[in-house]
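Colleague: quick check, what structure comes out for this input:
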Amino acid sequence: MRRHASAGYGLAVRFILLAAVLAALVVAPASGAQAQRTAPTAAATLKRATCPSDLRGCRSAIGRVVLVESVDPDGDGDLHVVVVGRDSVTAPGFTAVDVRRGLRPRRDPKVGQLVTAAGQVQRGSYGQRQIHAVSFRVG
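Modeller: From the prediction side, this is the model:
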């Protein structure tokens with residue numbers, strides 16, 4: 001019986017998504033009033049990243065960070081971020097973003113911060129769909 005090349009990664013992807021969901025629950029505001037006070041201010045300060053017109057397969061996403069991988073296991077210096085929002089590139093409600101070394105912000109985003117990214121959607125090392133950012137900003 002032949003197995004698909006990425007079949008062994010299913011558990012790792014599920015673990016990452018579970019960690020992201022748990023982080024989203026921890027980040028969620030304690031009261032609705034607090035959410036109403038903070039959300040408009042944060043959203044007003046960060047404009048959604050846009051795709052260059054000549055970049056095929058480009059998507060943009062905006063949302064709150066639920067997972068940050070500052071030190072990449074393969075050592076190429078890029079940043080990996082999982083965002084919860086409406087864009088759903090990787091999974092329903094979640095978008096994974098790969099930010100190359102030269103595009104990294106001075107300080108890595110923290111869980112709960114608002115970020116936006118735009119770039120080509122490509123397959124990651126676990127077979128997941130993710131944005132390979134050409135634009136990345138932290139609110």
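
Colleague: once you drop chain neighbours, what's closest to Q130?
Modeller: A96 (3.8 Å; C-beta to C-beta, 6 or more residues apart in numbering). Every residue, glycine included, has its C-beta placed from N, CA and C.

Colleague: check which helix or strand the one you found maps to.
Modeller: Using DSSP states H and E, A96 falls within strand 94-99.

Colleague: and the average pLDDT for the following helix or strand past that strand is what?
Modeller: The element immediately downstream of strand 94-99 (helix or strand, assigned by DSSP H and E) is strand 114-123. Across strand 114-123, the average pLDDT comes to 97.

Colleague: do you know how far K47 is from L67?
Modeller: 23 Å (C-beta to C-beta, to the nearest Å).

Colleague: neighbour-wise, which of the two wins?
Modeller: L67 (20 against 11; other C-beta atoms under 10 Å).

Colleague: using the three-state scheme, assign the more buried one.
Modeller: strand (DSSP: H, G, I helix; E, B strand; the rest coil).

Colleague: sec struct for the residue lying closest to it once chain neighbours are set aside, please.
Modeller: Spatial nearest neighbour of L67, excluding adjacent residues (C-beta to C-beta, 6+ apart): V82 at 3.9 Å. Using three-state DSSP, the secondary structure recorded for V82 is strand.
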